[in-house]
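> Below are the sequence and a predicted model for it; my questions follow.
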Amino acid sequence: MVKKKIDKKDVLIGALVLILIVSCIFFYVQGKDEAEEEPPVIDVNEVTDGDGYEDNAASIQYNDGLHRVKFEHMIMFKGFMFLNEVNFMTEENESFVLMRTTPDMKPGDDVFEAYMVPVIEDGVMAVNIYLDDDFRAFMGDDTNIIWGSEYQNFKKYDFSVEYKPGIYVDTVYDNDTERFRIGGNDANVFVGDATLEDAQAMNMDGITGVFLK
C-alpha cells in the first residue's frame with residue numbers, strides 16, 4: 001500500500017479551520033452565558049435595595065429584617081383567575097399568551113404585562129406598579145389602582161412616568177404595614193378596570209386586571 005504524503009499546507013489549513021471552530025464555540029457559549037446572566041427589565045433586587053428577590057414569575061420574597069413576606073401576583077381576566085399567565089388555544093390548537101405578570105417585560109409584543117414591586121421603609125409600603133404599552137393599549141388610560149388592607153384607596157393609573165421605553169411606572173403608598181411583620185401577604189393592590197365599589201364588594205364579574213397579594 002502506498003502511503004499518501006501529507007501536505008504541510010493541508011495540515012495548516014486544517015489547523016486553522018479547527019481553531020476557527022473552537023473560537024466560534026467559545027464565543028457562542030460566552031455570549032449565551034452573558035445573556036442568561038443579564039437581569040430582567042425590572043430588577044427586583046435593585047428596586048428593593050437588596051431586600052427582595054423574584055421567587056418565580058408570580059411571586060416576590062421580601063425580607064428587610066422586620067417584615068418577612070411572600071408577595072404573590074394573580075391575574076384576573078374577564079372575571080376568571082389565573083396565576084401568572086393567561087393562555088388561549090386557537091381553533092388550530094396553537095397556544096398563545098395574552099396576558100402575564102413578569103419582571104422581564106417586552107413592550108410591543110402584543111402580550112399585555114404588569115408587575116408590582118413593594119418596598120417597605122419607615123413603616124410605609126411603597127408599591128411600584130409597572131405596566132407595558134400593550135397593557136395600556138388594551139385597558140386604556142382609564143386604568144384604576146385600588147389598594148389598602150380593605151381596598152379603601154383609589155386612584156387612576158398615571159401613565160406620565162416612563163420607566164423604560166414602552167414601560168410605565170406609578171406608585172401607591174400604604175401606611176398600614178404592621179400586618180407584614182408576621183408574614184401576612186395581604187398587600188391588597190389591584191390595577192385594572194375594577195371600580196372601588198367592585199373591589200370592596202369583591203365583585204369580580206367580568207373584571208380584568210392584576211392583584212398583588
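Alright, I've got the coordinates. Numbers count the residues shown, from 1 in each chain.
> can you pull out the strands in this protein?
Using DSSP state E, the strands of the chain run over residues 52-54, 59-63, 68-77, 80-82, 85-89, 95-101, 112-121, 124-132, 144-147, 153-156, 162-164, 167-174, 189-192, 209-212.
> how about these in a markdown table, adding distance to Glu46?
Yep, even glycine has a C-beta here, placed from its N, CA and C like the rest. Listed next are the strands of the chain as a markdown table, based on distance: least, C-beta to C-beta, whole Å:
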| stretch | distance to Glu46 |
| --- | --- |
| strand 52-54 | 10 |
| strand 59-63 | 13 |
| strand 68-77 | 16 |
| strand 80-82 | 27 |
| strand 85-89 | 24 |
| strand 95-101 | 18 |
| strand 112-121 | 10 |
| strand 124-132 | 11 |
| strand 144-147 | 23 |
| strand 153-156 | 26 |
| strand 162-164 | 12 |
| strand 167-174 | 13 |
| strand 189-192 | 20 |
| strand 209-212 | 18 |
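> lowest-confidence stretch among the ones you listed?
When the strands of the chain are compared on mean pLDDT, strand 85-89 scores lowest, with a mean of 86.
> and the closest residue to Met139 other than its chain neighbours, what are its phi and psi?
Here the nearest residue to Met139 in space, its sequence neighbours aside, is Asp193; by C-beta to C-beta, 6 or more residues apart in numbering that works out to 6.2 Å. Backbone geometry at Asp193, expressed as degrees, to the nearest 10, gives phi -100, psi 10.
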